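Participant: No sequence on hand, only this structure:
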């Protein structure tokens, strides 16, 4: 048990430790590549973002299906891309800002529900929205998509539907709403 006056300095120490983890994660990721010959992104894996107008922020296995959906959207003339988060804590704010520096609209694919939060949807969009709000590059439109909850598969058609919502946001200059429930809306 600690004395109440010890709490704030302890919390500050914990916060600084998270900040100091960023360069250590970069270093260890590089060391892994040297030892095993496989290179991974430090914090954000970029896919077809160079000329993307819309982008998905995602973490986890649904990114495999999303890559196929992005290729299909590209074939239809929609300039889509993906920023896959390799870590969510510490949150890679600067890396995400850089990855999304050219996009006009961002859709955060959510698999975790954060009841009662500002978006009334997932938890990841709050971090992504804050990161993009403070971006030195641009401030794209941001919405979230609740999809794949409980480990359910997210089919390519649902990613295409999300892409349509993002393209519409670019055309309108605003997102329709903070959170969409994929498969439950038209």
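Facilitator: Noted; the coordinates are in hand. For clarity, every value in this text was computed on a predicted model and none was experimentally measured.

Participant: so where does the residue at minimal distance from the centre of the chain fall, helix or strand?
Facilitator: Centrality entry for the chain: nearest residue to the mean C-alpha point is residue 57, 2.9 Å, by CA atoms, centre = their mean. Using DSSP states H and E, residue 57 falls within strand 54-58.

Participant: Give the rounded mean pLDDT of that strand.
Facilitator: Averaged across strand 54-58, pLDDT comes to 98.

Participant: The helix or strand that that strand is followed by - contacts with which helices or strands?
Facilitator: Remark: after strand 54-58, the chain's next helix or strand is helix 62-75, criterion DSSP H and E. When contacts are defined as 3 or more CB pairs under 8 Å, 6 or more residues apart in numbering; DSSP states H and E, helix 62-75 packs onto strand 44-47, strand 54-58, strand 80-85, helix 156-172. All C-beta spots, glycine's among them, are computed from the backbone N, C-alpha and C.

Participant: quick one: contacts of the longest one?
Facilitator: Counting by CB atoms under 8 Å, 6 or more residues apart in numbering, helix 156-172 makes contact with 53-54, 56, 65-66, 68-70, 72-73, 78, 80, 104-107, 109, 141, 143, 145, 147, 175-176, 180, 182-183, all of which sit outside it.
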